[in-house]
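Visitor: model the structure of this input:
(chains A and B)
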Amino acid sequence: MSDREERRPPRGPSEPEEAAREPERDLARDELDPPPSAEEALASRRLRDALEDPSSAGAGEDLDLVSSLRAAWSPGALDEGVHAEMLDDLPTAEEIALAAELREALDAARPEATPELVAALRSAWNPTPLGADEHRAIVGLALEKAPLEKAAPARQGAVLAFAPRARTMRLAAVSATTVLALAASVVVWLTTAGPRAEAPLARARSTQPLFGEPFKPGETSARIDRIALARASDYRDNRFAKWGVR
Amino acid sequence: MSRLRLVAGLVIAALAIAVALAVGCRERDAGEPESAQVVDMELMAFLSEARALHHQANLEEASNDLPGATRAMRRLVTARRPHEGTTTPEVEEVLADAYARLAELELRQNELDAAAAAIASGLAHAPEPTYFRGHLVEVEGLIEEARAAGLADAGKPEEAARARARAIELLEEVVRIQDQVIQRSLAARDAGAVEGPR
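Guide: I've put the predicted structure just below:
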C-alpha cells in the first residue's frame, strides 16, 4: 500500500455498502490515480526516512525540500543569529513610513513646497532651470554678504559697474613706476657696461687718410715713416688711456 | 594674490623689454669700428720692423745695391704679421706698399716677371680703391711699359704692341682709381669723419 493510502481518512459509516462498492471504486481510482511505481515508492521511502532523521538523508536528496517540509509539519525555534540577521535585513516601520513620505514628496507636483533634501535629490536626478524669484533670492543673499553692500544697503540687488578702488589704483601706479624705473636701470647698466669702457682707445684702421695725394715713386720709406709715427702716437695714447691718464 | 600676479607680470614684461632694448643697442653698436683691433704693441712692432727694413733698403739703394734692397723688402713681405688670423688695415697697407717697392726694385733690375709677381701679391692686400692699390697698378703699368720696350728691342712688334696696350690700359685704371680715392677723401673730409695727413 502506498503512503497516500496509509494517510487516507477513515471510510464512511456504512461498511457493507462501502465494501460492496469497493471493487468499483478501486477500479475508478486506479484509472484516475494509478498506483505508484517502484521508483516512486523508493523515493517516497527515502523522503520519509529523511524527514524522520535528517542526518540519514542521502547525497541525492533535496535538503531544502526536506527542511521545508519538516518546518511546515513540525516547526522549531530559529537560531538566534539567523533570527537577528533576518530582522536587520527588514526595514523598520519607521523607515518604511519615511520612505513613503520621501517618495510622495519626490512625486509631488509643487517642487517649491518640498523640503531641502527633496529639492536637492530632485535637482541632482533631474535638474531644471532656476525660477526667476529663486535666482533673484540667491543673488540677493550673495550681495548681502558683500562689503560694498554693507556700506550702501540702498543699492542691494542693483547691478553696479566695476569701479576700481583708489587704493588699487595707487598700488598699480606705484608698481608700474617701480617696474619702469627698474627696467630703465637695467637698460642703462647693460648699455654702458663692458666694451663701452674701451671706446676711447684708438683702433686699427686704414692709413689712407694720412695721405692727401697719390703716391709718388721713391717715397715709400717716407710713407712708412708717416704711418709708423701716426700709429705710435695712437699707441701712446692707448697706453695712457689704459693707465687712466688722459 | 591677483595683485601679486599683476605686479609679477609687470616686472617680467618690463625686464623682457629692457633686455630686448639692451640687446638691440648692442647689436646696433656691433657694426661700428669698435670691433677692430686696438693699436697695440704687436702692431707697433710690425710697423717698426717695416720702417727699419724700408730704411735699410734706402741705404742699400743709396749704395747701388739693388739686390740688397730687394732682400730687405722680401724680408718685410715675409715677416711675421701681428694678430695672425685677423686682418689689420695698417698691416695690409704696409704690405701692399712693400710689394710695390719690391716690384719697383725688380723692375729696375729688369726682372719683369718677378716684378709682376710682386704686384699680383700686393694687389691681394689692397682690394679696395686706395692710393696703395693705385700705386701698385701704376707700377704694374710701368712693368708692362718696360716689357713692351724689351719686346720691341727683341724684334717682336706684335707682342710689344700688346704689352704697350696693356700698359696704357693699366695706367688708365690708375687714373680712375686715384680719382675715386680723391673724391672719397674729399667727401669724408667734408663730413669731418677722418683724420688728415700729418
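
Visitor: element containing whatever residue of chain A ends up closest to chain B, please.
Guide: Relative to chain B, the nearest point of chain A is residue A:190 (3.4 Å; CB to the nearest CB). From N, CA and C alone the C-beta is placed, and that goes for glycine too. For residue A:190, the enclosing helix or strand under DSSP states H and E is helix A:166-192.

Visitor: what about that helix, average pLDDT?
Guide: For helix A:166-192, the mean per-residue pLDDT is 79.

Visitor: quick one: that helix to chain centroid distance?
Guide: When distances are taken as CA atoms, centre = their mean, to the nearest Å, helix A:166-192 is centred 45 Å away from the chain's centroid.

Visitor: tell me which residues of it are tucked away?
Guide: Using 16 or more other CB atoms under 10 Å in any protein chain shown as the test for burial, helix A:166-192 gives A:175, A:179, A:183, A:186, A:187, A:190, A:191.

Visitor: and that helix, what does it pack onto?
Guide: If you count contacts as 3 or more CB pairs under 8 Å, 6 or more residues apart in numbering or on different chains; DSSP states H and E, helix A:166-192 packs onto helix B:2-30.

Visitor: tell me the first helix or strand C-terminal of the helix it packs on.
Guide: Past helix B:2-30, the next helix or strand by DSSP H and E is helix B:41-62.

Visitor: need the CA coordinates for that following helix. PDB is fine.
Guide: Below are the C-alpha coordinates for helix B:41-62, written out as PDB (Å, rounded to 0.1, in the frame of the first residue of the first chain):
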ATOM      1  CA  MET B  41     102.300  96.600 -29.100                       C
ATOM      2  CA  GLU B  42     102.100  93.900 -31.700                       C
ATOM      3  CA  LEU B  43     101.000  96.300 -34.400                       C
ATOM      4  CA  MET B  44     103.600  98.800 -33.400                       C
ATOM      5  CA  ALA B  45     106.300  96.100 -33.500                       C
ATOM      6  CA  PHE B  46     105.400  95.200 -37.000                       C
ATOM      7  CA  LEU B  47     105.300  98.900 -38.200                       C
ATOM      8  CA  SER B  48     108.700  99.400 -36.600                       C
ATOM      9  CA  GLU B  49     110.100  96.400 -38.300                       C
ATOM     10  CA  ALA B  50     108.700  97.600 -41.600                       C
ATOM     11  CA  ARG B  51     110.100 101.100 -41.100                       C
ATOM     12  CA  ALA B  52     113.500  99.600 -40.300                       C
ATOM     13  CA  LEU B  53     113.600  97.400 -43.400                       C
ATOM     14  CA  HIS B  54     112.500 100.300 -45.600                       C
ATOM     15  CA  HIS B  55     115.300 102.500 -44.300                       C
ATOM     16  CA  GLN B  56     117.700  99.600 -44.700                       C
ATOM     17  CA  ALA B  57     116.500  99.300 -48.300                       C
ATOM     18  CA  ASN B  58     117.100 103.000 -48.700                       C
ATOM     19  CA  LEU B  59     120.700 102.600 -47.600                       C
ATOM     20  CA  GLU B  60     121.200  99.700 -49.900                       C
ATOM     21  CA  GLU B  61     119.800 101.700 -52.800                       C
ATOM     22  CA  ALA B  62     122.000 104.600 -51.900                       C
END
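
Visitor: and chain B, is whichever helix or strand comes after the helix holding residue A:190 touching that?
Guide: The element immediately downstream of helix A:166-192 (helix or strand, assigned by DSSP H and E) is helix A:220-243. Yes. Judged by CB under 8 Å from any CB of the partner chain, helix A:220-243 and chain B are in contact via A:220-221, A:223-232, A:234-235, A:238.

Visitor: what's next to helix A:220-243, contact-wise?
Guide: A:200-202, A:207, A:210-211, A:215, A:246, B:38-41, B:43-44, B:47-48, B:50-51, B:54-55, B:57-58, B:90, B:93-94, B:97-98, B:100-101, B:104, B:195, B:197-198 (CB atoms under 8 Å, 6 or more residues apart in numbering or on different chains).

Visitor: how about that helix: buried residues?
Guide: Quick answer for helix A:220-243 (16+ other CB under 10 Å): A:220-221, A:223-224, A:226-228, A:230-231, A:234-235, A:237-238, A:241.

Visitor: quick one: which of these is nearest to residue A:134?
Guide: residue A:241 (84.2 Å; CB to CB).

Visitor: and that closest one, how far is that from residue B:86?
Guide: 21 Å (CB to CB, to the nearest Å).

Visitor: how about residue A:180?
Guide: The value you get for residue A:180 to residue B:86, if CB to CB is used, is 42 Å.

Visitor: and what of residue A:123?
Guide: Counting by CB to CB, the gap from residue A:123 to residue B:86 is 82 Å.

Visitor: ok, residue B:171 next?
Guide: For residue B:171, the distance to residue B:86 - CB to CB - is 34 Å.
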